[in-house]
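Enquirer: Have a look; sequence and predicted model below, questions after that.
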Amino acid sequence: ASVIFAAYMLVYERVDFTSIMGGTADLLIRPRYRKLCLGLFVLSGRTHFPVLTPSKYNIKILLKLEECTMRKKTIAALLTAAMAVSALTGCSSSENKQETKAASTEEKSTAEESSQAGNTQNGEAVAEGDYTIGVAQYAVHGSLDNCREGFLKGLAEEGFVEGENLEVIYENANGDGSLSGQIITNFVSNDVDMVCAIATPIAQSAYSVTKRTDIPVIYTAVTDPVLAELATEDQMPVGNITGTSDKLPVSEQLAMIREILPEAKTVGILYSTNEVNSQAAIEEYKKAAPEFGLEIVESGISTSADIPLAAEQLAAKVDCISNLTDNNVVSSLPVVLEAASKNGIPVFGSEIEQVKKGCLAAMGLDYISLGEQTGRMAAKVLKGEKKASEMPYELIEGAAFYGNTKAAEDLGIELPESLTSSAAELFEEISE
């Protein structure tokens, strides 16, 4: 060991080699390197300096080594005592951590139970997870607005509550078909969990844009899903799309007109030539009208700008006007009502909002109820109970009589008691 140490020190020129006798190095340590040499020997655990030639430096080193040995023993004892204290402290800390963890777990469990108990909406538990639905509405008018309101209400009843676990991205095309595709494309870019399409034109766009994705589409206010090429004759979807139809109760509407206007012979209908649902309704009216002794006079329009002139011309040659759920016509209802009023004839609506705004009566639909029905269908898809592609579209559940007594008074018409006695609702004023 001494030879190795001597060689090491020699390489780094820290000692003078005077002799090597019997394999033992006789080292004369330079004063400036004493502490370094001592340190190396202490680190190696040596307790004596193996030299043959005593010197005052060697003696001092031996004394220093003995002193260091005692210090090492003292430090070792202190370290042992410190480790023992640390172990005891660690055990105590571990116990405290276990107690703290148990308490934390208990508090978390209690908080979760409290959250689960309080996380309800109208008595219904909020569904797990977070969802985003893109709601695309074709135009702004009462019927479609009610659909949207009902849709969100139906979802809430099933545990999907806007502002809690549901984000709703709402867009309206304002009757512009060219915007429909852009709206749906934006929904796809936002990676929504579902698209709700309100009205036929935007439902068709929704299907076209999403059919190469896995995003389900739920539609509502689509009069004829088969004609719109969204479903087959057996009401089954053509893809990952389903919803509800607002098919009009045509025979019931014509029977009501005949009862209110026993002398009427002609019924005028305005419709958009680019809306397939309106075309389907016109054909159904034409087919059913003769049974009630009535003739249908139709007037097709391409855009909302065509309505004022078309309404005036139609009102001048019929006994009354009956509205469809045509989006362009319903959006311009005040224009139609004004043209009819000038000719002293009534306008019959197709749903509750139109009667509120001045139509004489309707054997109509409640679009809030239709929306709720649609929302319940959407909830089944979000919960994973069913796939949209497996669900047949549904028809609106029932129609009822709605009348406006103020409109009847203005026209000098009395609504028959046979209808008013069973009315779902009668309105005594005309709303804006």
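Expert: Nice, I can see it.
Enquirer: Name the residues linked to I296 by a beta bridge.
Expert: Applying DSSP bridges to I296 yields these beta-bridge partners: V267.
Enquirer: List the contacts of it.
Expert: T266, V267, I269, I282, Y285, K286, A289 (Cβ atoms under 8 Å, 6 or more residues apart in numbering). Glycine gets a C-beta too; all of them are placed from N, C-alpha and C.
Enquirer: show me what contacts the fifth one?
Expert: The contact partners of Y285, taken as Cβ under 8 Å, 6+ apart, are V250, L254, V267, I269, I296, S322.
Enquirer: okay, those residues in CSV with pLDDT next?
Expert: Shown next, in CSV, are these (pLDDT from 0 to 100):
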residue, pLDDT
V250, 94
L254, 97
V267, 98
I269, 98
I296, 98
S322, 97
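Enquirer: thinking again about what came up before, out of the contacts of I296, which end up buried?
Expert: T266, V267, I269, I282, Y285, A289 (16 or more other Cβ atoms under 10 Å).
Enquirer: wouldn't the second one be in contact with S322 here?
Expert: Yes: because the distance of 5.2 Å satisfies Cβ atoms under 8 Å, V267 is recorded as touching S322.
Enquirer: Show me the common contact partners of the two, please.
Expert: I257, Y285.
Enquirer: returning to what we had before: could you dump the contacts of Y285 into TSV with distance to I260 added?
Expert: Shown next, in TSV, are those (distance: Cβ to Cβ, whole Å):
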residue	distance to I260
V250	16
L254	11
V267	12
I269	17
I296	17
S322	11
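Enquirer: Between those, which sits nearest A139?
Expert: I269 (18.4 Å; Cβ to Cβ).
Enquirer: Quick one: name whatever helix or strand follows the host helix or strand of that closest one.
Expert: Using DSSP states H and E, I269 sits in strand 266-272. On the C-terminal side of strand 266-272, the nearest following helix or strand under DSSP H and E is helix 276-288.
Enquirer: Show me how far that following helix is from its chain's centre.
Expert: Relative to the chain's own centre, helix 276-288 is displaced by 36 Å; criterion: Cα atoms, centre = their mean, to the nearest Å.
Enquirer: that older thread, report the two of the buried ones among the contacts of I296 separated the most.
Expert: So, those by Cβ to Cβ: farthest apart are T266 and I282, at 14.5 Å.
Enquirer: list the contacts for the residue nearest to T266 when sequence neighbours are not counted?
Expert: Nearest non-adjacent residue to T266, counting by Cβ to Cβ, 6 or more residues apart in numbering: V318, 4.4 Å away. Residues near V318 by Cβ under 8 Å, 6+ apart: T266, V267, G268, V297, I345.
Enquirer: I'd like those as JSON lines, with distance to D130 appended.
Expert: Shown next, in JSON lines, are these (distance: Cβ to Cβ, whole Å):
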{"residue": "T266", "distance to D130": "55"}
{"residue": "V267", "distance to D130": "50"}
{"residue": "G268", "distance to D130": "50"}
{"residue": "V297", "distance to D130": "53"}
{"residue": "I345", "distance to D130": "53"}
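Enquirer: Looking at those, spot the one nearest Y170.
Expert: Nearest to Y170 among the contacts of V318, with distances taken as Cβ to Cβ, is G268, at 34.5 Å.
Enquirer: pLDDT score for the nearest residue to the closest one once chain neighbours are set aside?
Expert: Nearest non-adjacent residue to G268, counting by Cβ to Cβ, 6+ apart: V318, 3.6 Å away. V318 is assigned 98 on the pLDDT scale.
Enquirer: Just say helix, strand or coil for V318.
Expert: coil (DSSP: H, G, I helix; E, B strand; the rest coil).
Enquirer: Would you mind measuring from it to S205?
Expert: According to Cβ to Cβ, to the nearest Å, V318 and S205 sit 34 Å apart.
Enquirer: now the helices for the stretch 301-432 of the chain?
Expert: Assigned by DSSP state H, counting those that start in this stretch, the stretch 301-432 of the chain shows helices spanning 307-315, 327-331, 333-342, 352-356, 367-382, 405-411, 417-420.
Enquirer: Which secondary structure elements does the shortest one sit against?
Expert: Using 3 or more Cβ pairs under 8 Å, 6 or more residues apart in numbering; DSSP states H and E as the contact criterion, the neighbours of helix 417-420 among helices and strands are helix 250-260, strand 400-404.
Enquirer: Any idea how far that helix is from the middle of the chain?
Expert: Here helix 417-420 is found 45 Å from its chain centre; the criterion is Cα atoms, centre = their mean.
Enquirer: What's the separation between A315 and P346?
Expert: Taken as Cβ to Cβ, the span from A315 to P346 is 10 Å.
Enquirer: Could you tell me which residues touch both of those two?
Expert: I321, A340.
Enquirer: how many neighbours does M363 have?
Expert: 24 (other Cβ atoms under 10 Å).
Enquirer: same question, A378
Expert: 28.
Enquirer: Partner strands of the helix or strand harbouring T242, with direction?
Expert: Taking DSSP H and E as the criterion, T242 maps to strand 241-245. Applying DSSP bridges, strand 241-245 is found paired with strand 217-220 (parallel), strand 394-395 (parallel).
Enquirer: comparing those, which gets the lowest mean pLDDT score?
Expert: Among those, strand 394-395 scores lowest, at a mean of 94.
Enquirer: hmm, who's touching that strand?
Expert: Residues outside strand 394-395 that contact it (Cβ under 8 Å, 6+ apart): G243, T244, S245, K247, Q373, M377.
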